[in-house]
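In: One predicted model, sequence on top.
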Amino acid sequence: MKVLGFSGSPRSGGNTEILLAELLRGAADAGAETELIYVSRARFDPCISCGRCYKTGRCEVEDAFQPILDKIIEADHVVLASPIYFMGLSAWAKALVDRCQCLWARKYVLKEPLPRRHGDIQRRGVFISTAGSGVPEAFQGAVFTVKYFFDAIGVLHWKNLLYARIDAKGEIKSHPTALREAYETGRELVKK
């Protein structure tokens, strides 16, 4: 069982990264192999809309994204963590989502099913996010994007962990339930 986590924040040790680490710790404690990818350190280009993936089902731009794409395909479960920037994903997280257009093309244009690592397992996805704002709509844009990202990569949008009014670095550690919820979500993700 492999759980792949993406930290979409450029801020090392930030709130979403802390929550993601807790989720991955819970998954590891439940017996999963886990991997954490810091998207801002991967240094791949955004989608250039070349359209070549509509013929091959694979992103044809050769850069640091290619091994990430392979890991997405191989993972049993995928977790995306991103803070909210102007009511959406961070630029790093959005670049990751956009580069997965090739998997959307594979699924919906070429009608090729994505491989499943363990045959019958339902691949699931979790979205983790924090927002400094407390407005009710703070997460709507990001959740909508993540829902379709998970669909494109062949992952069921299983759960969101969303925390508003969390802005200062490390502030999530003071939240009364967030770290426990992230840890338990990781365990539950593996056990279901």
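Out: Perfect, thanks for sending it. Residues are numbered from 1 along each chain as shown.

In: what's the strand or helix carrying Phe127 packed up against?
Out: With secondary structure defined by DSSP states H and E, Phe127 is part of strand 124-131. Applying 3 or more C-beta pairs under 8 Å, 6 or more residues apart in numbering; DSSP states H and E, we find strand 124-131 packed against helix 15-29, strand 77-81, helix 140-152, strand 156-164, helix 178-191. In this view, the C-beta of every residue, glycine as well, is placed from N, C-alpha and C.

In: Let me have these in TSV, adding mean neighbour count as columns.
Out: As requested, the helices and strands packed on strand 124-131 are exported to TSV (neighbours: other C-beta atoms under 10 Å):
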stretch	mean neighbour count
helix 15-29	23
strand 77-81	27
helix 140-152	18
strand 156-164	17
helix 178-191	20
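
In: Of all those, which one is nearest Pro46?
Out: helix 140-152 (14.3 Å; C-beta to C-beta).

In: just the angle between the closest one and strand 156-164, please?
Out: 160 degrees (axes from the mean of the first three to the mean of the last three C-alpha atoms, to 10 degrees).

In: Just list what helix 140-152 packs against, helices and strands only.
Out: strand 77-81, helix 91-99, helix 101-104, strand 124-131, strand 156-164.

In: Now do it against strand 77-81, angle only.
Out: 160 degrees.

In: returning to what we had before: nearest to Val190, out of the helices and strands packed on helix 140-152?
Out: So among the helices and strands packed on helix 140-152, strand 77-81 is nearest, using C-beta to C-beta, at 7.7 Å.
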